[in-house]
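Enquirer: need a structure here:
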Amino acid sequence: MTFLEPILGALAAFALGALWYTALFGKAWQAETGVTDEQAQKGLVMTYALSFLMMVVLSFAVNYIVNMHDPAEQTFMHGGFHGMMAALFYAVPATAINYLYQKKSLKLFLIDAGYLVALMGISGAVMAVLKF
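Expert: Numbering: from 1, shown residues only. Predicted coordinates for the structure are as follows:
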């Protein structure tokens with residue numbers, strides 16, 4: 001494993017996040033969180049930088065799982081599968097626990113949990129095919 005793979009996986013996840021939280025679910029996410037356009041713009045560079053760093057951490061974890069398998073098995077689908085399974089078994093339940101105690105809506109949970117599954121899936125898929 002190189003350190004470049006998780007960075008590229010995180011870049012793919014970041015690009016997906018830009019689409020997810022704007023065109024696909026941006027307005028619904030804002031309505032559920034109560035975050036205004038003005039609030040969303042505050043500290044945007046720091047938010048993006050720290051979010052990207054967390055995506056790199058998640059990508060490292062997914063890459064570790066993917067690399068447990070024979071390199072010949074590491075296809076786009078294989079990496080995506082393991083990324084999505086990691087999200088469903090670790091990230092989504094952790095998010096659910098927090099949202100339950102914070103009394104967040106099911107709609108917000110589905111938006112954010114869906115992104116976690118997509119994030120880790122695309123990251124795993126990209127990393128599996130980009131073996132250096």
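Enquirer: Please pull up the helix or strand immediately following the host helix or strand of Ala31.
Expert: Per DSSP states H and E: Ala31 is located in helix 26-33. Sequence-wise, the next helix or strand downstream of helix 26-33 (DSSP H and E) is helix 37-41.
Enquirer: re the thing from before, contacting residues around the helix holding Ala31?
Expert: For helix 26-33, contacts defined as C-beta atoms under 8 Å, 6 or more residues apart in numbering pick out 21, 35-37, 40, 104-105, 107-108, 111-112. Bear in mind the C-beta positions are built from the backbone N, C-alpha and C, glycine included.
Enquirer: Tell me where the protein has helices.
Expert: In the chain, the helices defined using DSSP state H lie at 4-19, 26-33, 37-41, 44-66, 76-86, 92-101, 106-129.
Enquirer: For the residue most central in space within the chain, give me its contacts.
Expert: Taking C-alpha atoms, centre = their mean, the centroid of the chain lies closest to Leu119, which sits 2.9 Å from it. By C-beta under 8 Å, 6+ apart, the contact set of Leu119 is 13, 16-17, 55, 58, 87.
Enquirer: Let me have those in a markdown table, adding neighbour count and pLDDT as columns.
Expert: Converted to a markdown table, the contacts of Leu119 look like this (neighbours: other C-beta atoms under 10 Å; pLDDT from 0 to 100):
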| residue | neighbour count | pLDDT |
| --- | --- | --- |
| Ala13 | 30 | 97 |
| Leu16 | 18 | 98 |
| Gly17 | 19 | 97 |
| Met55 | 23 | 98 |
| Leu58 | 24 | 97 |
| Ala87 | 25 | 98 |
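Enquirer: For the chain, name the helix or strand with the lowest mean pLDDT.
Expert: The least trusted helix or strand in the chain, going by mean pLDDT, DSSP states H and E, turns out to be helix 37-41, with a mean of 93.
Enquirer: Contacts for that one, please.
Expert: So helix 37-41 is in contact with Gln30, going by C-beta under 8 Å, 6+ apart.
Enquirer: one more time with 10 Å
Expert: 21, 26, 29-30, 33, 47 (C-beta atoms under 10 Å, 6 or more residues apart in numbering).
Enquirer: Same check on stretch 111-118?
Expert: By C-beta under 10 Å, 6+ apart, stretch 111-118 touches 13, 16-17, 19-21, 24-26, 28-29, 32-33, 58, 80, 83-88, 90-96, 98-99, 104-106.
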